[in-house]
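**Q** Give the three-dimensional model of this entry:
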Amino acid sequence: CCGILQFTHRPLPCAAGISRTFCKTRNASSDSRISPQASAAVAGCMRCWRDANGSVRSVSGLAVLDKPICFASVQMLTFLTEFQYTTNDRNENAMRKDGPVQQPLISVIVPVYNVSAYLDTCLSGLVRQTLTDIEIILIDDGSQDQSPVLCDRWAQLDPRIRVVHKSNGGLSSARNMGIDMAKGEYLSFVDSDDTVHPQMMEILFDTAQRTGSLLVGCDYKVTSSPMVHWPTVESPPSCSMITRDSIFHSITVDLVVAWNKLYHHSLFSSLRYPVGRYHEDEFLAHRIFWQIPEVAWVRTPLYGYLQRPGSIMSQNLSAHYEDALLAYRDRIQFCRQQGRMDYLRDSLDTLLSHYENLLAGERGSLPDEERQSVVRHVSQDFEAWKKYMRPSQKLYWHWLSQNPTNYQKRKRIYSNCTAALKRFVGKRA
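**A** Numbering: from 1, shown residues only. Predicted coordinates:
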């Protein structure tokens, strides 16, 4: 078979004549290494594939690899090749365009910052999406590692990928730039250290078409290492509709985060993420949900959230709580402006839970000086919003502001007594 590189559907002429070496490396374990000769041979195959099909731009940055590369890097080079010959006619036409998709269905926005160890895995899942009418916008936010180089290499491999290099401005700044650049009817956000199911975009888009919802979300998995293998979804997964009332009653983490969803572009017509703030998702969530009566939710995990040291969400809570408080207060104020006192009271419960975690549930997480600052915030919010509170809310807020140390014990006794009273009244009735 010397001189022929056999892929899924048809042979590909290869000037390097190294199909045996190449196929052997593909069967190696994910931790194995290959020789410099094999690395150069793989790069030679990619040059031949480019020249034969004319659908991949120059890969001069990958042409000659004079050092051993890991098997994951070989996978990065071959994913597109396999994908080229295993998709249907519609997907082949999308891949073979000589430039970016002019009017993509979906714009996938990927902020990138110092994630060179994870970026290949993330992008390999995106270029292999079964729905190929997408553009992938990589916003390099001033990375100091090899991430900018990897972004440019991926853009050379796939014309659907657009790269912007900018000075560091934070996650919100990167997302906002991606929104401004997006051409798609729908938007999706993917964190560059996370992974996505190869069918994610197709499933979410089909769900949006079937339900008519402007926002579709999905379940996700929390992982300690990037997810590479995903089970195939053979039939349309189960989907439920979540009403606006239910959302504002309890805006949970899976609803708040930006990355496990497909948004209609119009939802961001007048919205952008607040630059320079942590918990940027919290600032926008209620303003997005207010625009739609129902959210369609796919009850299948299609997103892999990587929990790792050094990520934003793993940093010390004390560095973030001030911005979280601002976001919750903004939600309360927004509900008041809309005249929805029921949503406002539910949002007050969310703010109270945040204070409980800071002062009672996670007492050791804050230094004494910061704990005192949080107690002052509780007192200020209690005075500002108590006229809108239910009687039980007033009681809880008063206890937490006066004596946070015994708060949980008081709340538990009160809840037990209330439950016992309700049972007694029920029996008497």
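**Q** Quick one: neighbours of Q337, just the number.
**A** Around Q337 there are 9 other residues, counting by other C-beta atoms under 10 Å. For glycine as for every other residue, the C-beta is placed from the backbone atoms N, C-alpha and C.
**Q** pLDDT value on it, please?
**A** pLDDT, Q337: 97.
**Q** go on, the one 5 residues further on?
**A** Per-residue pLDDT puts D342 at 95.
**Q** Mind naming the longest helix for this structure?
**A** Secondary structure of the chain per DSSP state H: the longest helix is helix 407-428.
**Q** Helix, strand, or coil at G217?
**A** The local conformation at G217, judged by DSSP: H, G, I helix; E, B strand; the rest coil, is strand.
**Q** likewise E135?
**A** Taken by three-state DSSP, the conformation at E135 corresponds to strand.
**Q** Going by neighbour count, which residues in stretch 381-397 are buried?
**A** Applying a neighbour-count criterion of 16 or more other C-beta atoms under 10 Å, the buried positions in stretch 381-397 are 381-382, 385, 388-389, 393, 396-397.
**Q** Stretch 140-159: end-to-end distance?
**A** The straight-line separation of the ends of stretch 140-159 (C-alpha to C-alpha, to the nearest Å) is 17 Å.
**Q** typo on my end, it should be stretch 234-248
**A** Start-to-end span of stretch 234-248 (C-alpha to C-alpha) is 33 Å.
**Q** Let the chain start at 230 from now.
**A** All set: I'll call the first residue 230, so the last point we hit is now stretch 463-477.
**Q** So which bits of that stretch are buried?
**A** Under the neighbour-count criterion of 16+ other C-beta under 10 Å, stretch 463-477 has 466, 468, 471, 473, 476-477 buried.
**Q** Enumerate the positions of the longest helix of the chain that are buried.
**A** Within helix 636-657, the residues that count as buried by 16+ other C-beta under 10 Å are 636-637, 640.
**Q** Please dump those residues into JSON lines; it should also carry pLDDT and distance to E598 for every row.
**A** Supplementary listing: those in JSON lines, determined by pLDDT from 0 to 100; distance: C-beta to C-beta, whole Å:
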{"residue": "Y636", "pLDDT": "88", "distance to E598": "20"}
{"residue": "Q637", "pLDDT": "85", "distance to E598": "22"}
{"residue": "K640", "pLDDT": "86", "distance to E598": "25"}
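**Q** Alpha carbons of the longest helix of the chain, as PDB, please.
**A** What follows is the C-alpha trace of helix 636-657 in PDB, where atoms were taken according to Å, rounded to 0.1, in the frame of the first residue of the first chain:
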ATOM      1  CA  TYR A 636     -28.600  31.800  61.800                       C
ATOM      2  CA  GLN A 637     -28.700  28.300  60.500                       C
ATOM      3  CA  LYS A 638     -29.800  26.900  63.900                       C
ATOM      4  CA  ARG A 639     -32.600  29.500  64.200                       C
ATOM      5  CA  LYS A 640     -33.800  28.900  60.600                       C
ATOM      6  CA  ARG A 641     -33.900  25.100  61.200                       C
ATOM      7  CA  ILE A 642     -35.900  25.400  64.400                       C
ATOM      8  CA  TYR A 643     -38.300  27.900  62.700                       C
ATOM      9  CA  SER A 644     -38.800  25.600  59.700                       C
ATOM     10  CA  ASN A 645     -39.400  22.500  61.900                       C
ATOM     11  CA  CYS A 646     -42.000  24.400  64.000                       C
ATOM     12  CA  THR A 647     -43.700  25.800  60.900                       C
ATOM     13  CA  ALA A 648     -43.900  22.300  59.400                       C
ATOM     14  CA  ALA A 649     -45.300  20.900  62.600                       C
ATOM     15  CA  LEU A 650     -47.900  23.600  62.800                       C
ATOM     16  CA  LYS A 651     -49.000  23.000  59.300                       C
ATOM     17  CA  ARG A 652     -49.500  19.300  60.000                       C
ATOM     18  CA  PHE A 653     -51.500  20.100  63.200                       C
ATOM     19  CA  VAL A 654     -53.700  22.500  61.300                       C
ATOM     20  CA  GLY A 655     -54.200  20.000  58.500                       C
ATOM     21  CA  LYS A 656     -55.300  17.300  61.000                       C
ATOM     22  CA  ARG A 657     -57.700  19.700  62.700                       C
END
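**Q** Was I right to think D552 contacts R506?
**A** Yes: if you go by C-beta atoms under 8 Å, D552 and R506 touch, sitting 4.9 Å apart.
**Q** one step back: any chance of the buried residues of stretch 610-626 in a markdown table, plus distance to I561?
**A** What follows is the buried residues of stretch 610-626, written out as a markdown table (distance: C-beta to C-beta, whole Å):
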| residue | distance to I561 |
| --- | --- |
| D610 | 9 |
| F611 | 12 |
| W614 | 7 |
| Y617 | 9 |
| M618 | 11 |
| Q622 | 12 |
| Y625 | 16 |
| W626 | 13 |
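**Q** Give me the sheet partners of the longest strand along the chain and which way each runs.
**A** Within the chain, and with DSSP state E defining each element, the longest strand by residue count is strand 523-535. With DSSP bridges as the test, strand 523-535 is paired with strand 424-425 (antiparallel), strand 444-452 (parallel), strand 468-472 (antiparallel).
**Q** Indicate which one of those is closest to A556.
**A** strand 444-452 (19.0 Å; C-beta to C-beta).
**Q** Can you give the contact residues for that closest one?
**A** 424, 429, 432-434, 436-437, 456, 483-484, 489-493, 496, 517-518, 521, 524-536 (C-beta atoms under 8 Å, 6 or more residues apart in numbering).
**Q** Contacts only, for the residue positioned nearest the centre of the chain.
**A** Taking C-alpha atoms, centre = their mean, the centroid of the chain lies closest to W488, which sits 2.5 Å from it. With contacts defined as C-beta under 8 Å, 6+ apart, the neighbours of W488 are 417-420, 423, 532, 534.
**Q** Over to Q428?
**A** 358-359, 459, 461-462, 531.
**Q** of these, closest to T647?
**A** Closest approach between the contacts of Q428 and T647, by C-beta to C-beta: L531, at 40.8 Å.
**Q** Against A648, how distant is that closest one?
**A** Distance check for L531 against A648: by C-beta to C-beta, to the nearest Å, it reads 39 Å.
**Q** do the same with S582
**A** For S582, the distance to A648 equals 20 Å [C-beta to C-beta].
**Q** do the same with D422
**A** With distances defined as C-beta to C-beta, the gap from D422 to A648 amounts to 44 Å.
**Q** Just the strands from the stretch 280-429 of the chain, written as ranges.
**A** With DSSP state E, counting those that start in this stretch applied, the stretch 280-429 of the chain shows strands at 335-341, 363-370, 390-395, 415-418, 424-425, listed in chain order.
**Q** Run through the stretch 330-479 of the chain and note the low-pLDDT ranges.
**A** The model of the stretch 330-479 of the chain has pLDDT under 70 over residues 330.
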